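Trainee: please work out how this folds:
(chains A, B, C and D)
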4 protein chains.
Amino acid sequence: MTKKICIVVASRANYGRVKYLMKAIKAHPDLSLQIIVGASTLLERFGKAVEVIKQDGFKPDRSIHYVIEGENLVTQAKSTGMGIVELSTAFQDLEPDMVVTVADRFETMATAIAASYLNIPLIHLQGGEISGNIDDRVRHAITKLADYHFVATRLSRERVISMGESPERVYNFGCPAMDILTNENLSISNDTMPTTPRGVGKPVNWERPYILMLQHPVTTSYGQGFAQINETLEALKSFSNLQKVVLWPNPDAGSDEISKGIRQFREKNSKDINFSFFINFSPENYARVLNNAACAVGNSSSFLREGAFLGVPAVIVGDRQRNREHGLNICFADYDAACIAKKIQEQMTIGRYPQDHTFGNGQAGQQIADALAVIDIKLK
Amino acid sequence: MTKKICIVVASRANYGRVKYLMKAIKAHPDLSLQIIVGASTLLERFGKAVEVIKQDGFKPDRSIHYVIEGENLVTQAKSTGMGIVELSTAFQDLEPDMVVTVADRFETMATAIAASYLNIPLIHLQGGEISGNIDDRVRHAITKLADYHFVATRLSRERVISMGESPERVYNFGCPAMDILTNENLSISNDTMPTTPRGVGKPVNWERPYILMLQHPVTTSYGQGFAQINETLEALKSFSNLQKVVLWPNPDAGSDEISKGIRQFREKNSKDINFSFFINFSPENYARVLNNAACAVGNSSSFLREGAFLGVPAVIVGDRQRNREHGLNICFADYDAACIAKKIQEQMTIGRYPQDHTFGNGQAGQQIADALAVIDIKLK
Amino acid sequence: MTKKICIVVASRANYGRVKYLMKAIKAHPDLSLQIIVGASTLLERFGKAVEVIKQDGFKPDRSIHYVIEGENLVTQAKSTGMGIVELSTAFQDLEPDMVVTVADRFETMATAIAASYLNIPLIHLQGGEISGNIDDRVRHAITKLADYHFVATRLSRERVISMGESPERVYNFGCPAMDILTNENLSISNDTMPTTPRGVGKPVNWERPYILMLQHPVTTSYGQGFAQINETLEALKSFSNLQKVVLWPNPDAGSDEISKGIRQFREKNSKDINFSFFINFSPENYARVLNNAACAVGNSSSFLREGAFLGVPAVIVGDRQRNREHGLNICFADYDAACIAKKIQEQMTIGRYPQDHTFGNGQAGQQIADALAVIDIKLK
Amino acid sequence: MTKKICIVVASRANYGRVKYLMKAIKAHPDLSLQIIVGASTLLERFGKAVEVIKQDGFKPDRSIHYVIEGENLVTQAKSTGMGIVELSTAFQDLEPDMVVTVADRFETMATAIAASYLNIPLIHLQGGEISGNIDDRVRHAITKLADYHFVATRLSRERVISMGESPERVYNFGCPAMDILTNENLSISNDTMPTTPRGVGKPVNWERPYILMLQHPVTTSYGQGFAQINETLEALKSFSNLQKVVLWPNPDAGSDEISKGIRQFREKNSKDINFSFFINFSPENYARVLNNAACAVGNSSSFLREGAFLGVPAVIVGDRQRNREHGLNICFADYDAACIAKKIQEQMTIGRYPQDHTFGNGQAGQQIADALAVIDIKLK
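Mentor: All right, here's what the predicted structure looks like:
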């Protein structure tokens, strides 16, 4: 009998990280895949990732709205609560043999708690990492709830074990987000890429150089996001001859401040033809955009993960990733336009870095699926 | 300005553990106490502990129902979710400077998550313990969410630190549940004790010997509670000349099985004049009942904590406390009536044990309050 | 293509009323049946009606816990809210062409609101009745939300129309609860009936005379249920030579008071061999119990509906049904033991009444199903 | 002792309607005012009306987030459910003697259900109206739940009574939204008005002519909002010499389609200097904007209510208000740009209409407060 593995996909970022694992599970003769899509994957405002998921041939077993609107600290907590309520009902009906949850967001926590309390073995991906902000406590708390850990780096494995987890329950096959990088053609062209999603901003010429910006709110410095994003945008503005591709942030506490900053900047600089604003890409297209960027700027963990693998020069702004394991492609800047601009310039002068496989070699999805098939899954 | 400390009391057991801390905070010139009562403290079926809390002179700032009925794994998870939703609203309004949560139950988790996501420093009591069941993962997950830890034993402190917490954030003043034992007169008499609460079973003569029984469901062996409780009750039955005082379990997944077992046993043995069934005691009365028991039987952690302090001989049945730190007063038995009866007999032959201060010396409440007053509370 | 009809069964009483409609829909070539079971149908304490539903060959599409524990006014409201939340998710997934809801309980309201807001045509059964308590406002509010009305009496049809509903949307085929009465063998025997469910109270000899008691809390006089039930129980006690079959109440605000009254009465009268306490019957067995009662006492609407059809003498205690349409088999008594006892005596002297088909002739299920199949269902 | 009256303000539109009632209650010696702010009043995206409420000198007793993000049919239903859950907790704590709810939105329903189930007398404002869409069923359902009705027109009073409500419980003092119109200076000037809120679009010269547009989604034709708004915007575009002031819609199911339509139109016509986009006004400023419009276009009920009082020529687009009682100032147009433009032209040619007091004479707030003070409030 096949083992039923339930994956909860609750944000566009989540999906990019597990897509290749989902493919491997779906194709595996001893595993059967259950999919729950929820939270911001269902929301227009965040690009409705559920559509991409369906286009990729996956059929969700349940679709659940559980984002309480507000993008502040209170609504983030309440969304977690509502997620637990409805995921519990779904797990009860679907009766998976195990549940997979990824990383450290509030939706991840909801999945982890629902599965734990239902005595369903919990598989956690990307445990043991350290970023230096509130995500750390959430990530480590999930580690303590999880029964099996599929970490992304050797150092992460050591950390998970040092927190008291049994070594035989901690696997390091790298991060399945890397799989996209080895399995897809990452060259970029105007023929295949969307150029002006949602009609906002100027069309991008993907075949010409551009800087990529993606900056999320930092929940522990809630209230300062507006000022923070302004510094980055001002820095970008100084590169007047280069195209700038700006992505909207994830739906976290503080996202509305970031969004407001971007919106106001856009209004004030509506004549600057070199800014383009995107809500969402498919995981493959995002990989292409990152791969071909002259420089990546902001605080997305993808710059440290996929960016390292690809060797994309990146400038990390602020604290959000300050303590995270990283490769040579990363340099750090404070929330200061001049400082950020200087670092971008330095990185572009250096150009492409050599590949770095700290976060995996791009085979994780298949290896994790194979392991799930053979492990005699037991609650710890 | 005084620091506002919010304590969420969500079960009768919770209250017994923090009552002396609440008293100390309330009396402290630099602290002000906020109280939220919720979950089973509001429920008739579990003795409505909120009434005791009010009689003790505390005035709840909020009363919140968040138990989803069912007492199974699913409803336990959903109750956690609903707790998060409404506690978040309450914290937003009350704006505490810190939130205190105790131990490892699902209500504790709800408090921990709501406070963490609202960036309110979280104080956790009784972290670092090990009991050998699902509570462990919840307790350790809360440790990773908490900013300050007030543990109950030296060994617990070591465990919390070994999970990666900063030593300067981990305090060991013992468990404030012990404070009742040193501050109250624990002699027992028929004049002051309730003898037949809720009119169920025979009146107890507290001045004559009795065995105390308190056995909770074990959530990781959900579905076996009915058989488990029967063994213990059968064992008690063999002590036909002794009074037996039986308490109803906490509202956990599986409690309905335990309750059903007790109810059926009671119906079948309605002529046995030596069984009495109680839903609830005030913390002081519970301390008296424990202190004067000839033997305590079941799996309540109070047998290992307060029981050790008092030297009450106890027989722990099954796995629920198997791995928990304990003193000489404890012996273990499997779910087997004959085995349990034999151990009870042995324990009663030995009689009272010497006092054991592993879990504190009865001054914890005041010491914790003093520490909270002086610490420069910061998110970790 | 068949029309998908979703029925939400949320209490044991609900199920008895729609069982024959469910059978008719399931058997109809142009209709397909979707079933959601929720609320107290899933709860042990209320007899877990979901088991009966499954034994009858129905397969629930969703099982949802949404009862907030407490049985008071607040938790009743909150349960309604949680019902709306999760039923909305279920309706979104199941995509029914219409939703059927029955009568006037809080679970009914949850179904009505979820369906209305999702623009799914709402079919309401048993609208237009008047009972003289809070249920009236809920029932009439649901009438205003519903798109089609299948009422149970001619007078009810007139009331629904007088509230402004289009006559062509109001059908009177009688109440489908009557269908059980014509389709099942209603004789009773000890061979086929459960005699001591859940081991509580004395076994019943169904072949000897008995009085049936079923009394629910009256939510608008919340807080007085304990006193009210005592009067009825005392009245019953005076019929010392007759068996008394007592059913536990529905899970409404105030049920815990009723239950407490019954429990205390039972403890105090544990030697009275003529009382038996039952939590639940299958709809057929309940029909048998009612049909063969020497007298029915309490405030269940079944006494006025099925009771009239069968001609069972009944004494209605208090206000709960005071203004409801009723037949000759009904007389009313205040909350007063002497008065109740006198009326019971009078009714038993009269004995069986002639059949009364005010609430239908027992063909409603099939007629409603046929109508749903041919109506061109449209939102009003 | 004063009567405690709790008003739940759950949207910017709500607030405009009850502001003068709130003032009258606050000032009344026999009444005390409790305020709960919730749902979209707390949201940045909808102009955070809570800030206006506070600036007006009101102090909310509770702030509750209960909007589930999505703006579709499912999330609208779920928001209603969450509203019920948390409002129940708040009512339990605040113990009002009555609760006031306004009109027909989903937040209104949440308030109505929570109060009804808690046995708190419910006061409904603006019952008995007919608009010709789903709001009707919600409004009438609330009428059946409410204990007292303060309607806005004579015809509405008749309708409420014809639905079966006791005439002595139905008062017609007109709509308190009119009170602003008589109590405030409604002239407009650039000195006092915001000209470019949130930095979007061109500054308005309020002292020059402008057309006002406000068009909400129609929940019963969910999915067509994008096409519908486009027709109106295209019609406006043809008045190239006039300023156009466009307001964002309420957060209903379908609002995202309307918003998307406005956003795309704005991008495509970013050079058209005559469009300005506003999220929110204080009630007084909205009254000024309406009062001084050359023509009002869309489907806001304020055009039929305040618009009639003020004599503002208005073009109602589509079905949303088709059946609502209205004055001479209103004409109707289909979703067709040419038709809409033609009607706007006709209305502007006619110019200002005479005042019409169908919806009250601007004294309602005080009269309702006086009535609440003297009525012997009882559940119906």
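
Trainee: now do the residue in the stretch 251-380 of chain A positioned nearest to chain B against B:Arg320, distance only.
Mentor: Chain B sits closest to A:Leu379 of the stretch 251-380 of chain A, with a gap of 6.5 Å, by CB to the nearest CB. Quick note: C-beta positions are derived from backbone N, CA and C, even for glycine. For A:Leu379, the distance to B:Arg320 equals 15 Å [CB to CB, to the nearest Å].

Trainee: returning to what we had before: shouldn't the residue of the stretch 251-380 of chain A closest to chain B be within a strand?
Mentor: No - applying DSSP: H, G, I helix; E, B strand; the rest coil, one finds A:Leu379 to be coil, outside a strand.

Trainee: how many neighbours does it have?
Mentor: 13 (other CB atoms under 10 Å in any protein chain shown).

Trainee: which ones are touching it?
Mentor: For A:Leu379, the contact set (CB atoms under 8 Å, 6 or more residues apart in numbering or on different chains) comprises A:119, A:121, A:147, B:134, B:220.

Trainee: what's the closest of the residues you listed to chain C?
Mentor: A:Asn119 (16.1 Å).

Trainee: OK, contacts around the residue found closest to the closest one once you drop the neighbours it is linked to in the chain?
Mentor: Nearest residue to A:Asn119, sequence neighbours excluded (CB to CB, 6 or more residues apart in numbering or on different chains): B:Leu73, at 5.8 Å. Counting by CB under 8 Å, 6+ apart, B:Leu73 touches A:117-119, B:219, B:222, B:253.

Trainee: quick one: least confident of those residues?
Mentor: Lowest pLDDT among the contacts of B:Leu73: B:Thr219, with 79.

Trainee: ok, that one - contacts?
Mentor: Counted by CB under 8 Å, 6+ apart, B:Thr219 has contacts A:117, A:119, B:73, B:76, B:133-135, B:252-254.

Trainee: again, only this time at 10 Å
Mentor: A:117, A:119, B:72-73, B:76, B:106, B:133-135, B:138, B:225, B:252-255, B:320 (CB atoms under 10 Å, 6 or more residues apart in numbering or on different chains).

Trainee: got phi/psi on it?
Mentor: Here is the backbone geometry of B:Thr219 (degrees, to the nearest 10): phi -60, psi -30.

Trainee: what residue spans form the domains of chain A?
Mentor: Per automatic domain parsing, the domain ranges recorded for chain A read A:3-175+A:360-374, A:197-350.

Trainee: most tightly packed of these?
Mentor: Most buried of these, by mean neighbour count (mean count of other CB atoms under 10 Å in any protein chain shown): domain A:3-175+A:360-374, with a mean of 23.

Trainee: centre of the chain to that domain, how far?
Mentor: 12 Å (CA atoms, centre = their mean, to the nearest Å).

Trainee: got the end-to-end distance for it?
Mentor: With CA to CA, to the nearest Å as the measure, domain A:3-175+A:360-374 spans 10 Å from end to end.

Trainee: same check on stretch A:95-104?
Mentor: Its first and final residues considered, stretch A:95-104 spans 24 Å by CA to CA.

Trainee: for that stretch, the averaged confidence score.
Mentor: Mean pLDDT, computed over stretch A:95-104, is 95.

Trainee: what parts of the stretch 101-250 of chain A come near chain B?
Mentor: A:106, A:109-110, A:112-120, A:122, A:130, A:133-134, A:136-147, A:159, A:162-165, A:219-223 (CB under 10 Å from any CB of the partner chain).

Trainee: swap in 6 Å and give it another go.
Mentor: Neighbours of chain B within the stretch 101-250 of chain A, by CB under 6 Å from any CB of the partner chain: A:114, A:117-119, A:137, A:140-141, A:144-145, A:163-164.

Trainee: how about residues contacting stretch A:129-146?
Mentor: Under the contact criterion CB atoms under 6 Å, 6 or more residues apart in numbering or on different chains, stretch A:129-146 has outside partners A:104, A:109, A:112, A:116, A:122, A:124, A:127, A:156, A:160, A:218-220, A:319-324, B:137, B:140-141, B:144-145.

Trainee: helices and strands around the helix or strand of chain A with the lowest mean pLDDT, which ones?
Mentor: Lowest by mean pLDDT, DSSP states H and E among the helices and strands of chain A is helix A:255-268, with a mean of 87. Using 3 or more CB pairs under 6 Å, 6 or more residues apart in numbering or on different chains; DSSP states H and E, the elements in contact with helix A:255-268 are helix A:225-237.

Trainee: near chain D at all, the helix it packs on?
Mentor: No - using CB under 6 Å from any CB, helix A:225-237 stays clear of chain D, with a minimum separation of 11.4 Å.

Trainee: for C:Arg320, see how far away A:Ala323 is.
Mentor: You called it Ala, but residue A:323 is Asn. For A:Asn323, the distance to C:Arg320 (CB to CB) stands at 65 Å.

Trainee: likewise A:Gly225?
Mentor: When A:Gly225 is compared with C:Arg320 (using CB to CB), they lie 57 Å apart.
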